[in-house]
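Trainee: would you be able to build a 3D model of this:
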Amino acid sequence: MSRIGKLPVSIPAGVEIAVKDDLINVKGTLGALALAQNALVKVESNNGALTFVPVNESREANAMSGTMRQLVNNMVNGVSKGFEKKLTLLGVGYKAQAQGTKLNLTVGYSHPVVMDMPAGIKVETPTPTEILIKGSDRQRVGQIASEVRAVRPPEPYKGKGIRYADEKVVIKETKKK
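Mentor: Numbering: from 1, shown residues only. Okay, the predicted model is just below:
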């Protein structure tokens, strides 16, 4: 059995989980999320914890038990604590501005880039060169952060662009005569 799949998911106070035949619903203070249940994994609830048991001894069922466990764990953490990604802008004149559900980026193009944020995703700009993306769905927060970074990824010669706060960009040496 998968090492991750063996661990139970503990349910913190304030989080409700409803396990139905084809859907797992998680509701908490920061929202509600749903996940389609896989036929290869049996979900059992006991004493404030969820366990994930493969239906048979196949390799796919074993792998899916770990995957389902981690997806549900991410949902529980998302509706109780939330997830966030921090991006920084590096470059002369580069700035970001959050306006409600829109993110306005000035990153060296002839026009500002305006991005709409989907429902459930909050965007903040503590300073003009920092972007904070928050939400309860880990996959969507990471996807939106990736799309914002793709507007102007860091280039390898000066390091200018949009990068994750913890990202290290390796600067290339310029051509010598």
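Trainee: tell me how far Asn74 lies from Glu16.
Mentor: The gap separating Asn74 from Glu16 is 17 Å, by CB to CB, to the nearest Å. C-beta: built from backbone N, CA, C; applies to glycine.
Trainee: buried set for whichever strand in the chain runs longest?
Mentor: Scanning the chain for the longest strand, with DSSP state E as the assignment, gives strand 83-90. Using 16 or more other CB atoms under 10 Å as the test for burial, strand 83-90 gives 83, 85, 87-90.
Trainee: quick one: which of Asn74 and Glu16 has more around it?
Mentor: Shown here are Asn74 and Glu16; by other CB atoms under 10 Å, Asn74 has more neighbours (19 against 11).
Trainee: distance of the spatially closest residue to the more buried one that is not a sequence neighbour from Ile4?
Mentor: Closest residue to Asn74 apart from its sequence neighbours, by CB to CB, 6 or more residues apart in numbering: Arg138 at 4.6 Å. Per CB to CB, Arg138 is found 15 Å from Ile4.
Trainee: so for these two, which residue has more residues nearby?
Mentor: Arg138 (19 against 15).
Trainee: could you list every residue that touches that one?
Mentor: 74, 77-78, 83 (CB atoms under 8 Å, 6 or more residues apart in numbering).
Trainee: and of the residues you listed, the nearest to Val170?
Mentor: Ranked by distance to Val170 (CB to CB), the contacts of Arg138 are led by Phe83 at 27.1 Å.
Trainee: what's opposite that closest one in the beta bridge?
Mentor: Gly135 (DSSP bridges).
Trainee: what's the longest helix along the chain packed up against?
Mentor: Taking DSSP state H as the criterion, the chain has its longest helix at helix 59-80. Packing partners of helix 59-80 (3 or more CB pairs under 8 Å, 6 or more residues apart in numbering; DSSP states H and E): helix 3-6, strand 9-10, strand 23-28, strand 31-36, strand 41-46, strand 49-54, helix 138-151.
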